[in-house]
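Student: Whatever this is, show me its structure:
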Amino acid sequence: MIREHLFHKRAAADALFRWRGGEVSRLEAFSDAVFALTLTLLVVSVSAPTSFYELYLTVRDLPVFLVSFAMLTMAWFYHYQFFRRYGLEDAMTTVLNAAFMFLIVFFAYPLKFLATFLWGLVRGDREGVNNLFQDPRIQELGFSEFDERVWMMHIYAIGIIGVFGVLAMMVGRALSKREELELDDLEIFLTKRALLHHCMTVGVAVLSVVVLVATNQPGLAGITYFIMGPLHGFVGWRGGVRAEKIHQALIEKAQQA
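Tutor: Sure thing, here's the model as predicted:
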C-alpha cells in the first residue's frame, strides 16, 4: 500500500503528488474555456493598428498584456494543479469553481487597468497616467482623482482576496476529504502548504487594505504587495526542505515494509 502511494500516478511535473484527476472533465473544459475567453477579452480590447505609430504603441505597451497574461496564467496553473491532484467534482467543488470562474472574468479588466497604470509610472508618462483618472463622468459622481486611485487599490485587493480566497477554500475542501482521497503524509503536507500559500496571498491583500484605510495613501498600499515575493519564497523554501524529509521517510518506510 505504501509503495502504491509512493509510485502510483506521480507525474514528472508533480513528482511528489499522485494525480487523481483522469481525463479532462466537462468542469475543467468549461473552466479552460472561461480562461481562454478572458485572455481573448484582454487582447480584443485593443483595436488592430492601422498605422505604424499605432503598431509602435501596441508593442510599447506589450508589458501591460504580459503582466495580465502572467497573473491569469498563474491562476490557471493553480486551478489545473488542483483538479489534477484531487480530481474532485462534487457539488461544493462545482460551486466554488463557478465562483472562481466568475472572479477570474471580473478580475481581468481591473488587473489590466492597474498594469496600465504601473507601466505608465515606469515609463514616466505622467500625462498618460493622469488621463486614466480624468474622466469627467466619474468626476460628476463626486470622485476626485485621489479617490479614484484609492478605489483602484480597493478593487484590486477585492480581486486578489476573491480569487485566492476561493482557491484556498477549494484546497481546504480537498484537505477535508483527505481520508476519502487517501492522501499520504507527504500529500497532506503539500496540500496544507498550498493552503498556506493561498492564505498568505489573501493576507497580504488584506494588509494592503488595512494600510490604505489607516494611511489613506494608495502608493503605500501598493508597496505592501512587494512583500509577497520574499514571503512566498521563504515559506516555499522551508516547505520544500520539509517535503523532501517526509518523502525520504516514506521511501525508507516502504523499503522496510
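
Student: just the helices in the stretch 151-257 of the chain please.
Tutor: 178-181, 185-215, 218-223, 228-256 (DSSP state H, counting those that start in this stretch).

Student: Out of those helices, flag the one nearest F65.
Tutor: helix 218-223 (20.1 Å; CB to CB). From N, CA and C alone the C-beta is placed, and that goes for glycine too.

Student: Only the buried residues of that closest one, if you could.
Tutor: 218, 221-222 (16 or more other CB atoms under 10 Å).

Student: related to what we said a few turns ago, for A108, find the nearest of the helices of the stretch 151-257 of the chain.
Tutor: helix 185-215 (17.0 Å).

Student: Tell me the helices and strands packed up against that closest one.
Tutor: helix 62-86, helix 145-176, helix 178-181, helix 218-223, helix 228-256 (3 or more CB pairs under 8 Å, 6 or more residues apart in numbering; DSSP states H and E).

Student: Pipe the ones you listed into a markdown table and attach distance to Q139 per row.
Tutor: Formatted as a markdown table, these follow (distance: least, CB to CB, whole Å):
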| stretch | distance to Q139 |
| --- | --- |
| helix 62-86 | 24 |
| helix 145-176 | 8 |
| helix 178-181 | 53 |
| helix 218-223 | 17 |
| helix 228-256 | 33 |
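
Student: nearest residue to F82 other than its sequence neighbours?
Tutor: M170 (5.7 Å; CB to CB, 6 or more residues apart in numbering).

Student: quick revisit: make a markdown table from the helices of the stretch 151-257 of the chain and add mean pLDDT and distance to Y109 to it.
Tutor: Formatted as a markdown table, those follow (pLDDT from 0 to 100; distance: least, CB to CB, whole Å):
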| stretch | mean pLDDT | distance to Y109 |
| --- | --- | --- |
| helix 178-181 | 93 | 36 |
| helix 185-215 | 95 | 18 |
| helix 218-223 | 88 | 18 |
| helix 228-256 | 90 | 22 |
